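Undergrad: Kindly generate the corresponding structure for this input.
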Amino acid sequence: MNLNYLLFHVFFTLPPVLVLGYLYSRDRGRKKEFMQGTLLMILLAVVYTSPWDHFLIEESVWFYGETVVTQWILGIPLGEYLFFIIQTLGASLFLYHIGYNAESTENAGILGRPLLGLPFLVLSLLGLWTVLFGPESGFYLGAIVAWAGPVITLQWIFGGEKLLEQYDTLLKGILVPALYLWIIDAVAIGRGLWILPLETRTGLELLGLPIEEMIFFLFTNIMVVQGVILYCWTLNSTQDLHEIRERISRLW
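TA: Modelled structure (predicted):
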């Protein structure tokens, strides 16, 4: 059977999301803030990724096998848009399943937050330099880092101490979905669904998967998981601050 982009989702990306969605539906925990954060991450994923994705397609960083794409929208396959949505939803639901801490905390360590974002800022600048002035073989890798680095930098500047206090949850929430995506991406490349020419990548691979693809899925999961945690944390902090102000006003 020929595997096109939509069937790829049916067989590989949707099943784990449906299972996680079922588990989520059976849980009676606090869901409103989580779902708001998830929907916001999905919206941002589509809006922020689409121009970047279109640019890389135009630059022939990757292309698709025959009969793989059934529908194009604004120069991007429908399957790509679905990937933005499904991956974001899946990573977010997995984070909910393993549990995370978004309780309000004091703003301790706020002066150190820029230092937490500094490594990602440096990576962003290196990625941008590679895209503009570096060798063609580093183009895809540079484009990934230059695109994702600024978002991750801002996340760590905004709430790095909140992320650090649950580093074990953070690592699990990022790496487990990334590992699954690495596996199915390798399957897709092996089946010829998408082809990555050697001209714009380093040629480094692990078990047939280009290192650029590994970094892409790693960075995208970082953005989603950290984004959901920080959204819920900010919402809780704002609510607590509002309650404190109300109590103070009652004293007067």
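Undergrad: For residue 238, give me its contacts.
TA: Contacts for residue 238 (CB atoms under 8 Å, 6 or more residues apart in numbering) come out as none. Glycine gets a C-beta too; all of them are placed from N, C-alpha and C.
Undergrad: what secondary structure does it sit in?
TA: Under the three-state scheme (DSSP: H, G, I helix; E, B strand; the rest coil), residue 238 adopts helix.
Undergrad: Residue 121 reaches residue 149, doesn't it?
TA: Yes - under the criterion of CB atoms under 8 Å, residue 121 makes contact with residue 149 at 7.0 Å.
Undergrad: These two: which is more packed in?
TA: Set side by side, residue 121 and residue 149 show more neighbours around residue 149, with 22 against 17, by other CB atoms under 10 Å.
Undergrad: Could you tell me the per-residue confidence at the more buried one?
TA: At residue 149, the pLDDT value in this model is 96.
Undergrad: Check the one 4 residues further on too.
TA: As predicted, residue 153 sits at a pLDDT of 95.
Undergrad: can you give me the helices for the chain?
TA: With helices called from DSSP state H, the chain shows them at 5-8, 14-26, 32-58, 78-98, 113-133, 139-164, 167-190, 211-251.
Undergrad: Residue 72 is nearest to which of those helices?
TA: Residue 72 sits nearest to helix 78-98 of all those, at 7.2 Å, using CB to CB.
Undergrad: Give me the buried positions along the closest one.
TA: 79-96 (16 or more other CB atoms under 10 Å).
Undergrad: same for that helix, what does it pack against?
TA: Helix 78-98 is packed against helix 5-8, helix 14-26, helix 32-58, helix 167-190, helix 211-251, with contacts defined by 3 or more CB pairs under 8 Å, 6 or more residues apart in numbering; DSSP states H and E.
Undergrad: from memory residue 156 sits against residue 123, does it?
TA: No - the criterion here is CB under 8 Å, and residue 156 misses it with residue 123 at 11.7 Å.
Undergrad: The two: who's more crowded?
TA: Taking neighbours as other CB under 10 Å, residue 156 and residue 123 compare with residue 156 leading, 24 against 20.
Undergrad: Who are the contact partners of that one?
TA: Contacts of residue 156 (CB under 8 Å, 6+ apart): 113, 116, 117, 120, 163, 226.
Undergrad: now that we have those, which one has the most neighbours?
TA: Neighbour tally across the contacts of residue 156 (other CB under 10 Å): the maximum, 25 neighbours, falls on residue 226.
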